[in-house]
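**Q** Model the structure of this input:
(2 chains)
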Amino acid sequence: MLVTILASLYAASPSSDSRCRRVVSGRNARDLVAVESQSIAFGRLRWGVPLSDLDRIVITGVGLTAPNGNSLPEYRQNLLVAKSGVVNYETRYMGPVLAGVCNFDELRYQKKKDLRRGTRAGSIAVYCANEAVKDSGIDWPNVARENVGVYIGITEHGNVETENEIYEISKFEYDTKVWSHHHNPRTVANNAAGEVTLNMGITGPHLTLGAACAAGNAGFIQAVQMLRLKEVDLAIAGGVSESIHTFGIFASFAAQGALATHEDPTKACRPFDKNRNGIVVAEGGGICTLERLPDALKRGAKIYAEVIGYAMNSDAKDFVLPDSNRQAECIYLAMKRAGISPEDVDIVSSHATATEQGDIEEAAALRRVFGNSPKTFINNTKSFIGHAMGAAGALELLGNVPSFDDGIVHATINLDDLDPRCALPNLVINQPREIGPVKCILNNSFGMLGINSVVIIRKFQG
Amino acid sequence: MTSDQIRQVILDILGRIAPDEDLTDLDDARPFREQMELDSMDFLDIVMELRKMYRIQIPEEDYPNLNTMGGTVEYLLPRLKDVPVGA
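**A** Numbering: from 1, shown residues only, chains lettered A, B, ... in the order given. From the prediction side, this is the model:
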């Protein structure tokens, strides 16, 4: 049975095996050039091999909290008017830093006791998941909860609670007898997704996927895979971040020389700018409902987008430094699976975090892939909200989804003096740009330990 | 501390660990769990709060004494009688 399912999953690329291996094994520039030309050619051929409708996965509901918005319409509006969500923020031990801070209504779906019992990541996930289900219009009281899967990406988990507990016992001469019995359920890696199942009575599978800053995309990818495998009938998926609630992530970036500073918080996150000086850490969440196309059509669902391609790969090179070669391979692999070419992509949502090397590497990858694609436009959402870590991939994809309706690309802001090493064709700088009909969006999300992820969505066309 | 003062300490703890509950009509003779949502993790919070506030170690075999407000006050009174409020 499993063999049959796996065979059907890959049936759409019957002659791609050797090429696929080339993509994965490409180790140098010469290999990469070969991979590029073959994957483009194959992508076009692939148009003639459509997926079965049961393998077509669509996004039908959106719930989010970002530092500049607590719903998709509010968030989108603020991206178009360049409203930042970055503010001054106080941390224990380190003192003042800059951060993207959310202000969603925590008590909309949880009691005060739930907030006390759980974690910030869990609370963000619960808010976003409930908002997504509500937005989807699905008849939730009658949904078979055992057929619902919850897949939530996260960058790291447990640091917040561990720091809090160590601070607490420090007031008792480090007597471990006052270490909280809540520590373990709060810090288990499945916490965020698990809290969603507890809150919503979901008895299907749940996973919190640790994928560094590629995690938001990873949540969506897991959902697509599980829906195609028929493991679940409805997926609630995306990514969350609680990272601003521990000093450690700020201090570690500072030690690395990669923590942004600026006298004006709203100007601190400056991807591709000569004067960029690092990352602004943010919290947030972006979670969607995803369904197989026939299920969505049957209930007359509003369809935001179809997920037509995805890829994940690994640099296998360095703990922190990115690699444009592997990033480009990841993008090409996602496009190959989607059956598209670079010129089919209208918007690229870049990952760039405003670090010195990260921006340069991604720009190199994007130039390589989209350098001859005059109708592809590139933007960056971190410049508005900071780096929402596990939520970044999800929030950055979702912020672009309304482009399918309005034909506008939001910008990358705070780009006053372009670093020539980050020069990109059609980079949308500081002001949103109307580009006409948008049919395809590609979302990059990369993370430490060399984890790369790409998700491609298309406007649903029936 | 007096019985009344200990009762207030417990009420304050319950207010923190069960912030959605209205405790104004709490019946001292009835088990906490019959009057409010209180699971085993919450109960451990009571024990932990007392440990932090007064350095009291309550052995597990004594937990049944803490089922009601009346029982809790009675159990704590000899252990806290020489402890000033706010210690």
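**Q** could you measure the closest residue to chain A within chain B against residue A:124, distance?
**A** Taking C-beta to the nearest C-beta, chain A has its nearest neighbour within chain B at residue B:19, 3.9 Å off. No exception for glycine: its C-beta is placed from N, CA and C like everyone else's. According to C-beta to C-beta, to the nearest Å, residue B:19 stands 20 Å off from residue A:124.
**Q** Those two: which has the busier surroundings?
**A** residue A:124 (30 against 12; other C-beta atoms under 10 Å in any protein chain shown).
**Q** Excluding chain neighbours, give the residue nearest to the more buried one in space.
**A** Among residues not flanking residue A:124 along the chain, residue A:285 sits closest, at 4.0 Å (C-beta to C-beta, 6 or more residues apart in numbering or on different chains).
**Q** Quick one: residues contacting the one you found.
**A** Counting by C-beta atoms under 8 Å, 6 or more residues apart in numbering or on different chains, residue A:285 touches A:63-65, A:102, A:124-125, A:127-128, A:238-241, A:391, A:394-395.
**Q** same check, this time on residue B:1
**A** B:9, B:77, B:80, B:81, B:83, B:84, B:85.
**Q** Determine the three-state secondary structure at the residue of chain B closest to chain A.
**A** Put simply, residue B:19 is coil when judged by DSSP: H, G, I helix; E, B strand; the rest coil.
**Q** and the residue nearest to it when sequence neighbours are not counted, what pLDDT?
**A** The shortest distance from residue B:19 to any non-neighbouring residue, by C-beta to C-beta, 6+ apart, is to residue A:112 (3.9 Å). For residue A:112, the model assigns a pLDDT of 98.
**Q** thought residue A:112 was touching residue B:20?
**A** Yes - in this structure, residue A:112 is within contact of residue B:20 by C-beta atoms under 8 Å, at 5.2 Å.
**Q** so residue B:34 is in which element?
**A** Here residue B:34 sits within helix B:32-35, counting by DSSP states H and E.
**Q** Next: residue A:287.
**A** Residue A:287 belongs to strand A:284-292, assigned by DSSP H and E.
**Q** Once you drop chain neighbours, what's closest to residue 56?
**A** With no chain named, the answer covers chain A. Nearest in space to residue A:56, with sequence neighbours left out and distances taken as C-beta to C-beta, 6+ apart, is residue A:293 at 4.0 Å.
**Q** ah, I was thinking of chain B
**A** Going by C-beta to C-beta, 6+ apart, residue B:56 has residue B:50 as its nearest residue, at 5.0 Å.
**Q** what does the model give the one you found for pLDDT?
**A** Confidence for residue B:50, expressed as pLDDT, is 97.
**Q** Pick out the residue of the stretch 151-300 of chain A closest to chain B.
**A** Closest point on the stretch 151-300 of chain A to chain B, by C-beta to the nearest C-beta, is residue A:181, at 4.9 Å.
**Q** any idea how far that residue is from residue B:21?
**A** Residue A:181 sits 20 Å away from residue B:21, going by C-beta to C-beta.
**Q** More neighbours: the two, which one.
**A** Taking other C-beta under 10 Å, residue A:181 and residue B:21 do not tie; residue B:21 has more neighbours (18 against 12).
**Q** Just confirm the more buried one contacts residue B:32, I think it does.
**A** No - if you go by C-beta under 8 Å, residue B:21 and residue B:32 don't touch, sitting 9.9 Å apart.
**Q** any common contacting residues for the two?
**A** Listed as contacting both residue B:21 and residue B:32 by C-beta under 8 Å, 6+ apart are residue B:14.
**Q** Pull up the pairing partners for the strand holding residue A:287, direction included.
**A** Each strand paired with strand A:284-292, and its direction, by DSSP bridges: strand A:57-65 (antiparallel), strand A:234-241 (antiparallel).
**Q** winner for burial among the ones you listed?
**A** strand A:234-241 (a mean of 34; mean count of other C-beta atoms under 10 Å in any protein chain shown).
**Q** Output that strand as CSV - backbone C-alpha positions only.
**A** Output of strand A:234-241 as CSV, limited to C-alpha atoms (Å, rounded to 0.1, in the frame of the first residue of the first chain):
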residue,chain,number,x,y,z
LEU,A,234,-7.8,18.7,6.9
ALA,A,235,-4.4,20.2,7.9
ILE,A,236,-3.9,23.1,10.2
ALA,A,237,-0.3,24.2,9.4
GLY,A,238,2.2,27.0,9.3
GLY,A,239,4.8,28.3,11.8
VAL,A,240,5.1,30.2,15.1
SER,A,241,7.7,32.0,17.1
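**Q** Give me the mean pLDDT for it.
**A** For strand A:234-241, mean pLDDT is 98.
**Q** And stretch A:370-377, by the same measure?
**A** For stretch A:370-377, mean pLDDT rounds to 97.
**Q** need the strands for the stretch 251-400 of chain A, in chain order.
**A** Using DSSP state E, counting those that start in this stretch, the strands found in the stretch 251-400 of chain A span residues A:281-282, A:284-292, A:305-314, A:347-350, A:377-380.
**Q** and those strands as TSV, adding distance to residue A:416?
**A** Below are these laid out as TSV (distance: least, C-beta to C-beta, whole Å):
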stretch	distance to residue A:416
strand A:281-282	21
strand A:284-292	25
strand A:305-314	33
strand A:347-350	18
strand A:377-380	14
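**Q** which of those strands is buried the deepest?
**A** Ranked by mean neighbours (mean count of other C-beta under 10 Å), those are led by strand A:284-292, with a mean of 32.
**Q** Pull it out as PDB, backbone CA atoms only.
**A** Provided in PDB are the C-alpha atoms of strand A:284-292 (Å, rounded to 0.1, in the frame of the first residue of the first chain):
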ATOM      1  CA  GLY A 284       4.400  35.800  15.500                       C
ATOM      2  CA  GLY A 285       2.400  33.100  13.800                       C
ATOM      3  CA  GLY A 286       1.000  32.200  10.500                       C
ATOM      4  CA  ILE A 287      -1.300  29.200  10.200                       C
ATOM      5  CA  CYS A 288      -3.600  28.000   7.400                       C
ATOM      6  CA  THR A 289      -6.200  25.400   6.800                       C
ATOM      7  CA  LEU A 290      -5.200  23.200   3.800                       C
ATOM      8  CA  GLU A 291      -7.400  20.700   2.100                       C
ATOM      9  CA  ARG A 292      -7.500  18.500  -0.900                       C
END
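**Q** Quick one: distance of it to the chain centre.
**A** What separates the centre of strand A:284-292 from the centre of its chain is 11 Å, taken as C-alpha atoms, centre = their mean, to the nearest Å.
**Q** which residue sits farthest out from the middle of chain A?
**A** residue A:173 (41.2 Å; C-alpha atoms, centre = their mean).
**Q** Report the secondary structure state of that one.
**A** Classified using three-state DSSP, residue A:173 is coil.
**Q** Good, wrapping up.
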